[in-house]
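Trainee: have a look; sequence and predicted model below, questions after that.
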Amino acid sequence: MAPLRELLPMAGHVRGKRSPVTCALKCDNACTKAICNTSGNGYFRDIVGAQLSRRSLLGASAAGALAIAVTTAPSPTARAAAAATGTLDFTAIDPVHYEVDEFVVPSGYSWHPVVRWGDPLFPDSPKFDPENQTVDAQRRQFGYNNDFLQIQLDETGDENRAVLFANHEYTNDAIMFPEDMDEATKRAISRDAHGLTVAELVRADRSSPWRVDVNGRRNRRFLIDTEYAFTGPAAGSDLLRTKEYPQGDRAQGTLGNCSGGLTPWGTLVSGEENFNSYFTAAGTSAAEKRYGLTSEPSAYGWEEDLPRFDTTNPGFGNEANRFGWIVEVDPWDPESTPLKHTSLGRFKHEGANITISTSGHAVAYMGDDEKFDYLYKFVSKGKYREGDRAHNMTLLSEGDLYVAKFTGNSPAAEIDGSGGVPADGAFDGSGQWLPLVKNGRSRVAGMSVAEVLVNARLAADKLGPTKMDRCEDVEPNPVNGRVYVACTNNSDRGKSGRAGADEANPRTENRDGHVIEISERGNNHAGTTFDWNLLLVCGDPRQGDATYFSGFPADQVSPISCPDNVTFDSAGNLWISTDGAPDGIGYCDGLFRVTLEGRSRGRVEQFLSVPRDAEVCGPVIHDADSSAFVAVQHPGEDGTWTEQNSRFPDYVDATDVEKGVAALPRPTVVQVLRD
Ligand code: FEO
Ligand code: CA
Ligand code: CA
């Protein structure tokens, strides 16, 4: 049999990731366009002599542990204490060829759809009827392309009730709508298939799967016309004012929501990522260029219906400034106003994950997911107060914003772009958090605080941070206190005129991505210095890829490519979901467990594989219930209405279609449960 790579038409290339459809709709073909970060800010190849004092943070302080281990709303401390040393018991599955349209789980487990695109969320929601979709129906049904996911047990302590939060990143008209539907209706439905969802869940008992309770009083859709209140120093600034919102204090809708996080106080944060895809603009200013805003028609064409999506229309020049923020939602209060926090800066936010420092400050870690963009963190001015959600919901409104600079400790000649491990046996070094805003003042010459926050990329360029390989999820581990950064890939690293390899991004034409492990000095998440090392350099060792698994034998791991979202089980093992593995190693995307401690540190084990063209998002591990949850995004992405690539999750056959049952793929939240 020929080696797998020879059999795969897409394999071996490094044009970016994923299908042309995903590239067009999700990222506005960012890979084919000019690199947004053309700043003269060089990369920091390595400075020998940096300290190599990576401490073991095992047995981290109680404050470190109270972070976000917890998936219920009550006291984080109580929940962290209750979290035992749990994980899921499974034997790794084999990787699955990228054309296979199946959801594969380990022996002894089964999978169950929790909620699918179009499922009713309210007592009066219509049943999903793909041939006869309407805007009114979509506004009362689960949205499309679920990315970030969280499931918290009910605050009342009823173990058979929970609250689900999901966001809806983008849409794909070609497989969602009958071809004869008029284009304006498609666009209108698509707009409301974006946004966010809160839905109450019920189950019969702990061994039964969760399902949506349409009578849940917290059920809520956040739609294209939902209002969000700006908080922080840029709220009300000239940069956020439009004809429709002359006060600059509110925005309508949220777009391109990718990943997110559960805050220690039980709310959800979500990142507005590829917001530029929704706008047509002059595309001439430095800021527009830095954020990828161009004069081309938008990928979605909404400017044909709503003037605000063409920022050259009089009075709408700032509309695109009102996206690219971190959003916060209180799922427990259905009347609450969702927030957009300007203190956390505006960029292509993958998401945010928040921990509480030993000093009591809320610290948010955030990636800007674009080739050669940066890693950021926010440290709140105020301190966390246990049990006081109203106060804690103000913490993200005021504080310091930093951007990261990584310095390697191996000689430059040893970081040759091949992925080969340097002579000291590790990709590692030290780092600094460079202040953009501190104590309420701008630290960037010539820019006000509002300008720094709204145009955070331009501000950061001036400080010389490290150009990264697309930071996706960045998440503190509640058990060991360290922070994990998924760098998904960067096919342009090392190309002519672009930053070359550095020790924190050590591969040129980085097709498979890597994972960085950060140890804040003194386990002080509010501090400004850190140590770091690469936990994984991803790929498939069996196909000859240069990989690194923290010294674990490469012939004993599951191949992994394009790490994206991360979470932890209650024992502190890292779980990684992937987006782009088909284009990297030729397998469907999956969910993987990575052991972090002991002799098996670096062992990667594949837990599940998703259907054709799909990516795995929002992993949530409830090991006490022997359950894992994933958001299966864009199944069958490369199909058309008449020739679908996937029939997940219902897998209806021709007979069913004759009975009127849809045979189209539906993005779905799935629970994997031990039998
Ligand atoms: Fe939407 Fe960064 O992936
Ligand atoms: Ca080194
Ligand atoms: Ca992502």
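Mentor: Happy to help now that I have it. Ligands and ions are numbered 1, 2, ... in the order given.

Trainee: neighbours of whatever residue of the stretch 301-450 of the chain ends up closest to ligand 2, how many?
Mentor: Going by CB to the ion, ligand 2 is nearest to residue 410 of the stretch 301-450 of the chain, at 3.6 Å. C-betas here are computed from N, CA, C, even on glycine. Residue neighbour count, defined by other CB atoms under 10 Å, stands at 22 for residue 410.

Trainee: also residue 202?
Mentor: By other CB under 10 Å, the residues close to residue 202 number 16.

Trainee: sorry, back to before: isn't the residue of the stretch 301-450 of the chain closest to ligand 2 right up against residue 421?
Mentor: No - using CB atoms under 8 Å as the test, residue 410 is too far from residue 421 to be in contact (9.2 Å).

Trainee: show me what contacts residue 223?
Mentor: Applying CB atoms under 8 Å, 6 or more residues apart in numbering to residue 223 gives the contacts 139, 191, 192, 195, 253.

Trainee: what does it show for phi and psi?
Mentor: Residue 223 has phi and psi values of phi -110, psi -180 when expressed as degrees, to the nearest 10.

Trainee: one more: the one 3 residues further on?
Mentor: Taking degrees, to the nearest 10, you get phi -70, psi 140 for the backbone angles of residue 226.

Trainee: for residue 599, same thing?
Mentor: Dihedral angles for residue 599 - degrees, to the nearest 10 - are phi -70, psi -20.

Trainee: and what of residue 451?
Mentor: phi -70, psi -40.

Trainee: in JSON lines, list the contacts of residue 223 along with neighbour count.
Mentor: Output for these, formatted as JSON lines (neighbours: other CB atoms under 10 Å):
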{"residue": "139", "neighbour count": "20"}
{"residue": "191", "neighbour count": "24"}
{"residue": "192", "neighbour count": "25"}
{"residue": "195", "neighbour count": "25"}
{"residue": "253", "neighbour count": "21"}
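
Trainee: now render those residues as TSV, adding secondary structure and pLDDT.
Mentor: Shown next, in TSV, are the contacts of residue 223 (DSSP: H, G, I helix; E, B strand; the rest coil; pLDDT from 0 to 100):
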residue	secondary structure	pLDDT
139	coil	98
191	helix	98
192	helix	98
195	strand	98
253	coil	98
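
Trainee: return only those of those found close to ligand 2.
Mentor: By CB under 5 Å from the ion, no member of these lies near ligand 2.

Trainee: with distance to residue 285 added, can I get those in CSV?
Mentor: What follows is the contacts of residue 223, written out as CSV (distance: CB to CB, whole Å):
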residue, distance to residue 285
139, 35
191, 26
192, 31
195, 28
253, 23
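
Trainee: ok, back up a step: give me the common contacts of residue 410 and residue 421.
Mentor: Common neighbours of residue 410 and residue 421, using CB under 8 Å, 6+ apart, are residue 427.

Trainee: would you list the phi and psi of residue 556?
Mentor: Given degrees, to the nearest 10, the pair of backbone angles that residue 556 has is phi -120, psi 10.

Trainee: my error: substitute residue 629 in the last question.
Mentor: Backbone torsions of residue 629, given as degrees, to the nearest 10, read phi -120, psi 140.

Trainee: what parts of the stretch 301-450 of the chain come near ligand 1?
Mentor: Neighbours of ligand 1 within the stretch 301-450 of the chain, by CB under 6 Å from any ligand atom: 350, 369.

Trainee: who touches the closest residue to ligand 3 within the stretch 301-450 of the chain in this structure?
Mentor: Ligand 3 sits closest to residue 350 of the stretch 301-450 of the chain, with a gap of 5.6 Å, by CB to the ion. By CB under 8 Å, 6+ apart, the residues touching residue 350 are 258, 259, 271, 273, 366, 367, 368, 369, 471, 472, 473, 474.

Trainee: secondary structure added to these, as CSV?
Mentor: CSV is the format used below for those (DSSP: H, G, I helix; E, B strand; the rest coil):
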residue, secondary structure
258, strand
259, strand
271, strand
273, coil
366, strand
367, strand
368, strand
369, coil
471, strand
472, strand
473, strand
474, strand
